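>>> Prediction below, plus the sequence it came from.
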Amino acid sequence: MKMTRLCKPAKTLMCTVVLVGLILSGSYTALANPGLTPPVSGKTCYVDFSDFPSGSAVRQDLVAWQAQGWSGGARCLQLVRTGGYLEVVVDLPENVSTARLAIAHRSAYAPGCANSGFAPVTITINGSTLTQYYSPPAGVPGSTGFTTDRWDVTGWLTPGRNRVRITTGTLCSVYEVQRLEISITFAASHLIEDYQMTHNIDDLRPTDSTTGFTPNDQWAVCWTKVASEVIGQQIEWRFYDPSGVLYYQGQRRADRYNWGYIRVRDWRAATLPGQWRVDIYIAGRFQVSVPFTIGAIGYSVNAPRVTGVEFPGAIRADGEKTTGYVSFFDPNGDITSVRFDVVNAARFTPFSFEPNVSGKTSGSFSFRIWSTTKQAVTLKITLYDRQGNKSEPYYFSFRAT
């Protein structure tokens, strides 16, 4: 079938980046894999310093970031004096239902300090203290391991611009930040009644429903049905490549049925395999994020993916069970099992189970972990589906204290 009423894509548009404060000079370098896939029903705003000192920080969907009293460390930003800070500014819409702050950080190794390192920090949101005198564990010589701590900050953020600041206290060692991110989930949009990715459009309707495209496909199309009140308003599609960079955006005056698309075969998109997403806006306001894939790197295009893990950075080593959540995306909705393998631990047993999410292409499922041994634990999560595909491994760490 031939696609009807497709508008010709404009030139590729790139994000405008605003930076303030003291930063390293040089141009932006997009990482091949920033390490986190945006949630299916939301997006992730982050600043990633894992390319230091050879390149500038990668930043996505933040209005600005600034820092004082800092230096570019090995794969991190270092706050090197008492009172030094890192601040990010994020602009949020009104329909945010949940928001979680995650910081990959550590105290630098310092033999003269208590526990070989101590760098207390205070974290504030819009001037209110989220946590005070918090100290991540010290690293070890030559280690690149950072602890990722997470906080539910839904009640701390407001529509519009929000400021998240980390300020160092009295330092015994250098405080190091590798990545700061805010994962956002949006409330269901009543303005968009239906949407799906498809290969083609015929008679205003999608010819199929898919989330996996090959480099030989002609188009990757996002079909959208809007509420009657939206007709005549501006609808916009923003396509982001696997590195999180804005690849293309297109817009039009909305009819009842609408679609945005990118060309794939013989275009640059065919050379950028991995998980993409398209964000849909109505009258300039974000509505929903739709994930899809083009090709794969060593993994089947239909393989499931872990898109995030919610688990505390520290639990008590008292045998009490702590619940966590794995977010996933699966083009075929046929996940059969999940396995947690031990990468690093003093005493921990790997485990697996059936998550009971058959038929679902996205969502989350829970797991429970406990420990009676004080230790640092790093686990690897792998998803398996009915066709024999497995996901790329997803790693997360926590401490049992």
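Alright, I've got the coordinates.
>>> For S364, give me its contacts.
Counting by C-beta atoms under 8 Å, 6 or more residues apart in numbering, S364 makes contact with E310, Y325, V326, S327, F328. Where you see a C-beta, it was placed from the backbone N, CA and C, and this is true even at glycine.
>>> now R205
Neighbouring residues of R205 by C-beta under 8 Å, 6+ apart: W223, Y257.
>>> Could you double-check that L171 sits in contact with A119?
Yes. With contact defined as C-beta atoms under 8 Å, L171 counts as touching A119 (5.6 Å).
>>> of the contacts of S364, buried ones?
For these, a burial check counting by 16 or more other C-beta atoms under 10 Å picks out E310, V326, S327, F328.
>>> Can you tell me which of those residues lies closest to T210?
F328 (17.5 Å; C-beta to C-beta).
>>> where's that closest one, which helix or strand?
Assessed by DSSP states H and E, F328 sits inside strand 322-329.
>>> what comes into contact with that strand?
Outside strand 322-329, the residues touching it (C-beta under 8 Å, 6+ apart) are 37, 39-40, 211, 275, 291, 304-312, 315, 335, 338, 355, 357, 361-370, 381, 383, 391.
>>> Pull out the buried residues from the residues you listed.
Buried, going by 16+ other C-beta under 10 Å: 37, 39-40, 211, 275, 291, 304-311, 315, 335, 338, 355, 357, 361-365, 367, 369, 381, 383, 391, out of the contacts of strand 322-329.
>>> For the helix or strand hosting R277, buried residues please.
Applying DSSP H and E as the criterion places R277 in strand 274-282. Buried residues in strand 274-282, counted by 16+ other C-beta under 10 Å: G274, Q275, W276, R277, V278, D279, I280, Y281, I282.
>>> Lowest-confidence one in those residues?
Minimum pLDDT across these is recorded for Q275, with 75.
>>> Any regions of the stretch 251-400 of the chain where pLDDT drops low?
For the stretch 251-400 of the chain, applying pLDDT under 70 flags the ranges 296-301.
>>> 50 instead, please
Low-confidence segments of the stretch 251-400 of the chain (pLDDT under 50): 297-298.
>>> just to revisit the earlier point, taking the contacts of strand 322-329 one by one, which sit in helices?
In helices, judged by DSSP state H, none of those are found.
>>> Which members of these are positioned in strands?
In strands, defined here by DSSP state E, the members of these are 275, 291, 305-310, 315, 335, 338, 362-369, 381, 383.
>>> picking up where we left off before, and the contacts of S364, which two are furthest apart?
The distance between the two most remote of the contacts of S364 (C-beta to C-beta) is 12.3 Å, for E310 and F328.
>>> and Y395, how many neighbours does it have?
A count of nearby residues for Y395, using other C-beta atoms under 10 Å, gives 15.
>>> now it: how far from N344?
Using C-beta to C-beta, to the nearest Å, we find Y395 at a distance of 10 Å from N344.
>>> Touching both of these two, which residues are there?
Common contact partners of Y395 and N344 (C-beta under 8 Å, 6+ apart): T378.
>>> Can you tell me the SS state at E181?
The three-state label given to E181 by DSSP: H, G, I helix; E, B strand; the rest coil is strand.
>>> Which residue is the nearest non-sequential neighbour of it?
Closest residue to E181 apart from its sequence neighbours, by C-beta to C-beta, 6 or more residues apart in numbering: Y46 at 3.6 Å.
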